[in-house]
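Enquirer: sequence and predicted structure below; questions after.
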Amino acid sequence: MTEDSGDYGRLRDAVGKHMFRYTPAGFASYFVGRAKGTYIYDHNGRAILDFCSGQMCATLGHNHPVVTEAIEQSCRDVLHLFSGLLSPSVVNLAEELGALLPAQLQKMMFVSTGSESNEAALRMAKLRQGGFEVIGLSGSWHGVTMGANSSTYNGARAGYGPAAPGTMAIPGPNSYRCPIQHCRDKCDMTCLDVGFGMYDAQSVGAPAAVIAEPILSSAGIIVPPEGYFVKLKQKCEERGMLLILDEAQTGMGRTGTTFHFEQLGIVPDIMTLSKTLGAGLPMAAVISSDEIEADCFAKGFLFYTSHVSDPLPAAVGLAVLRVMKEENLTERAGTMGTYMMDSLRALQQRYECIGDVRGKGLLVGLEIVQDREGRKADRGLASRIQKECLEAGLVLHAVRQESQSAIRLAPPLNVSKDEMDTGIAIIDQAIRKALETA
Ligand SMILES: Cc1ncc(COP(=O)(O)O)c(C=O)c1O
């Protein structure tokens, strides 16, 4: 199909006629009917490097043969069952994930999406603690369903009516742009004390949980300072709140450990995994302790959905674990992440507009600013860089909030060194071109 061909025109017309526009940015102008490894292919057959792993999910690259084989095998075995029935793939996945997790995280349930997993985690926390107050971090993203969206403080809120009662935000730690305008470059966690002080003042005595991303990805890859989660967990315990860690983007190797909490010095009470667990297919897990699970069960915990414990995504989850092990992907994310970070820091030396390079493993953000000292976000420039990258054959995400403009890079964990070099060279050229058109 070429851009001039009737089929391209027909598809574009059909988009206009039939598709909901569910993102304010609208749809890309090209169609993708094929993807393989780190590349997607547009309707003209042009190869485009995907440094966002689809929607941050395809950590093994697109259409990994072990994943497609697991899907084919499921088509021969079983795809879907009554929710009270378990397939061997579901139980095997629970056992294999359990082997990677500490004793406090051995019980789990499998659902479809990140929003759904957070919904379930919040329901469990409320049931267990008997309260309904939930704290989230400013800038966070946990999904668009009611419970998850009520604790999402990154847009996507206005116009949909009241959030869940008891939901409150505390300032997310951001050493580049301190949310309480207190420190610069080194967060001393005053924001955490201030946030909990505000919670204590507003609480009606019904604590349930804190929900947090270990790295605030949609906020622009904000990495909390060392010791933050130890202090956060302590504050939860003092108040009778559970700590829910949402590892949608950080889980399954992306930051250089299988789960990011391993780098934080704590174990969450509940962990949710999604995106990366299915490596491109809808698959998510809610994981907690024997004690929390038993208490919730005794209190009648219900999460009866059409696709809970479906065999097909569980078989894919098993395939993901197998590939991660066989291809040593967790370690690779660490080494390739360092390589990517070093390459981007070298670009930062040359371009004043790169205010900050931050992240962990293969989850990295570039902050695009008007000037280094003032740190004023340059959203127009970030958009032009993104556009120039796409024209040169590289997909990146610009993640924007009011005061900032970051570009997110999260290539598949098996990205090759050549692909990485190609991607970095495209970014270099795109920045140069975008600056010229300023
Ligand atoms: C950290 C995090 N949690 C949850 C979600 C929601 O996941 P889903 O879109 O699969 O519902 C996202 C999606 O971007 C996310 O980044």
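Expert: Alright, I've got the coordinates. Model, not experiment: these values are computed from the prediction.

Enquirer: what does the protein have sitting close to the ligand?
Expert: Residues of the chain lying close to the ligand (CB under 6 Å from any ligand atom) are 113-115, 118, 141-143, 213, 217-218, 246, 248-249, 274. C-beta here means a position set from N, CA and C on the backbone, and glycine is covered the same way.

Enquirer: 8 Å instead?
Expert: By the rule CB under 8 Å from any ligand atom, the part of the chain lying against the ligand is 55-56, 112-118, 140-145, 148, 213, 217-218, 246-250, 272, 274-275, 282, 284.

Enquirer: next, the residue in the stretch 151-300 of the chain that the ligand sits nearest to: secondary structure please.
Expert: Going by CB to the nearest ligand atom, the ligand is nearest to residue 248 of the stretch 151-300 of the chain, at 3.5 Å. Secondary structure for residue 248, judged by DSSP: H, G, I helix; E, B strand; the rest coil, is coil.

Enquirer: for residue 58, same thing?
Expert: Per three-state DSSP, the secondary structure class of residue 58 is coil.

Enquirer: so it touches residue 280, yeah?
Expert: Yes. In this structure residue 58 lies within contact range of residue 280 using CB atoms under 8 Å: 4.3 Å.

Enquirer: counting neighbours, go ahead and name the busier of those two.
Expert: residue 58 (28 against 23; other CB atoms under 10 Å).

Enquirer: ok, the more buried one - contacts?
Expert: 35, 50, 279-280, 412 (CB atoms under 8 Å, 6 or more residues apart in numbering).

Enquirer: pLDDT below threshold where in this protein?
Expert: The chain contains residues with pLDDT under 70 at 1-6, 401-402.

Enquirer: show me what residue of it gets nearest to the ligand.
Expert: Among the residues of the chain, residue 114 lies closest to the ligand, at 2.2 Å counting by CB to the nearest ligand atom.

Enquirer: do you know how far that residue is from residue 335?
Expert: 27 Å (CB to CB, to the nearest Å).

Enquirer: then residue 66?
Expert: Using CB to CB, residue 66 is found at 22 Å from residue 335.

Enquirer: what segments of the stretch 101-250 of the chain are strands?
Expert: Here the stretch 101-250 of the chain has its strands, by DSSP state E, counting those that start in this stretch, at 107-111, 133-137, 167-170, 207-212, 242-246.

Enquirer: for the residue of the chain closest to the ligand, which non-adjacent residue is closest in space?
Expert: Nearest non-adjacent residue to residue 114, counting by CB to CB, 6 or more residues apart in numbering: residue 274, 3.5 Å away.

Enquirer: how close does that neighbour sit to residue 418?
Expert: 30 Å.

Enquirer: settle it for me: which of those two has more neighbours?
Expert: Counted by other CB under 10 Å, residue 274 and residue 418 do not tie: residue 274 has more neighbours, with 28 against 9.

Enquirer: how about the helices in the stretch 51-200 of the chain?
Expert: Applying DSSP state H, counting those that start in this stretch to the stretch 51-200 of the chain gives helices spanning 53-56, 65-76, 88-100, 114-129, 146-150, 190-202.

Enquirer: would you mind finding the most buried of those helices?
Expert: With neighbours taken as mean count of other CB atoms under 10 Å, those reach their highest mean count in helix 114-129, at a mean of 24.

Enquirer: what angle do that helix and strand 107-111 make?
Expert: Relative orientation of helix 114-129 and strand 107-111, computed by axes from the mean of the first three to the mean of the last three CA atoms, to 10 degrees: 140 degrees.

Enquirer: same for helix 114-129, what does it pack against?
Expert: Here helix 114-129 touches strand 107-111, strand 133-137, helix 146-150, strand 207-212, strand 242-246, strand 270-273, strand 284-288, helix 290-298, going by 3 or more CB pairs under 8 Å, 6 or more residues apart in numbering; DSSP states H and E.

Enquirer: CA-only coordinates of the third one in CSV, if you can.
Expert: These are the backbone C-alpha positions of helix 146-150, laid out as CSV (Å, rounded to 0.1, in the frame of the first residue of the first chain):
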residue,chain,number,x,y,z
MET,A,146,-12.8,4.9,38.3
GLY,A,147,-10.6,3.8,41.2
ALA,A,148,-7.3,4.0,39.3
ASN,A,149,-8.2,7.3,37.7
SER,A,150,-9.1,8.8,41.1
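
Enquirer: contacts only, for the residue nearest to the spatial centre of the chain.
Expert: Closest residue to the average C-alpha location of the chain: residue 249 at 3.0 Å, with CA atoms, centre = their mean. By CB under 8 Å, 6+ apart, the contact list for residue 249 reads 56, 213, 215, 217, 275-276, 363, 410.

Enquirer: now, those that are in helices?
Expert: Under the assignment DSSP state H, the contacts of residue 249 contribute 56, 275-276 to helices.

Enquirer: nearest to residue 306 among those residues?
Expert: Checking the ones in helices among the contacts of residue 249 against residue 306 by CB to CB gives residue 275 as the nearest, at 20.1 Å.

Enquirer: who's in contact with that closest one?
Expert: By CB under 8 Å, 6+ apart, residue 275 lies in contact with 55-57, 114, 248-249.

Enquirer: how close does it sit to residue 217?
Expert: With distances taken as CB to CB, residue 275 is found 10 Å from residue 217.

Enquirer: the domain parsing of this protein - what is it?
Expert: 23-63+331-436, 67-326 (automatic domain parsing).

Enquirer: picking up where we left off before, can you tell which of the helices and strands packed on helix 114-129 is closest to residue 404?
Expert: Of the helices and strands packed on helix 114-129, nearest to residue 404 by CB to CB is strand 133-137, at 14.8 Å.

Enquirer: sorry, back to before: which neighbours do residue 275 and residue 217 share?
Expert: Common neighbours of residue 275 and residue 217, counting by CB under 8 Å, 6+ apart, are 56, 249.

Enquirer: for the stretch 251-400 of the chain, which segments count as helices?
Expert: Using DSSP H, counting those that start in this stretch, helices in the stretch 251-400 of the chain cover 275-278, 290-298, 311-326, 329-350, 379-392.

Enquirer: if we can go back for a sec, to what extent is the residue of the stretch 151-300 of the chain closest to the ligand buried, counted in neighbours?
Expert: Residues near residue 248, counting by other CB under 10 Å: 26.

Enquirer: again, but for residue 384
Expert: Counted with other CB under 10 Å, residues neighbouring residue 384 total 21.

Enquirer: got the contact list for it?
Expert: Applying CB under 8 Å, 6+ apart to residue 384 gives the contacts 433-434, 437-438.

Enquirer: buried subset of the residues you listed?
Expert: Taking 16 or more other CB atoms under 10 Å as the criterion, what is buried in these is 433-434.

Enquirer: nearest to residue 268, of the contacts of residue 384?
Expert: Nearest to residue 268 among the contacts of residue 384 is residue 434, at 39.8 Å by CB to CB.
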